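Engineer: Show me the folded form of this:
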Amino acid sequence: MNRAELLHASTTDQILKTFYHVYNTLGSGFLEKVHENALFKALNKQGLLVERQKSIAVYSEGDLVG
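Structural biologist: All right, here's what the predicted structure looks like:
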């Protein structure tokens, strides 16, 4: 599939660019929660509606695994 054909390509690009900006700004060494908080705030500042730790059903070979 061509990147231009993706349904949410521009939103995905915005999220990835924001992720890398947050990671490059903070660097490594912080707990995952710190990065999560920073990414949440950065995405909200860009006007994206973001939910934290959203529960989803995950299936493997037809079985619910998470």
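
Engineer: from here on, contacts and neighbour counts on C-alpha atoms
Structural biologist: Noted.

Engineer: Helix or strand for the spatially most central residue of the chain, just tell me which one.
Structural biologist: Centroid check for the chain by Cα atoms, centre = their mean gives Ile15 as the closest residue, at 6.1 Å. Using DSSP states H and E, the element containing Ile15 is helix 9-26.

Engineer: Give me the contacts around that helix.
Structural biologist: With Cα atoms under 8 Å, 6 or more residues apart in numbering as the test, helix 9-26 has contacts from 3, 35, 38-39, 42-43.

Engineer: Tabulate the residues you listed (JSON lines), appending distance to Lys54 and pLDDT.
Structural biologist: Supplementary listing: the contacts of helix 9-26 in JSON lines, determined by distance: Cα to Cα, whole Å; pLDDT from 0 to 100:
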{"residue": "Arg3", "distance to Lys54": "26", "pLDDT": "62"}
{"residue": "His35", "distance to Lys54": "16", "pLDDT": "96"}
{"residue": "Ala38", "distance to Lys54": "17", "pLDDT": "98"}
{"residue": "Leu39", "distance to Lys54": "15", "pLDDT": "97"}
{"residue": "Ala42", "distance to Lys54": "18", "pLDDT": "98"}
{"residue": "Leu43", "distance to Lys54": "16", "pLDDT": "98"}
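
Engineer: By neighbours, which of these wins?
Structural biologist: Neighbour counts for the contacts of helix 9-26, by other Cα atoms under 10 Å, peak at Leu39, which reaches 20 neighbours.

Engineer: Name all residues that make contact with it.
Structural biologist: Per Cα under 8 Å, 6+ apart, neighbours of Leu39: 18-19, 22.

Engineer: Closest to Gly66 out of those residues?
Structural biologist: Phe19 (24.9 Å; Cα to Cα).
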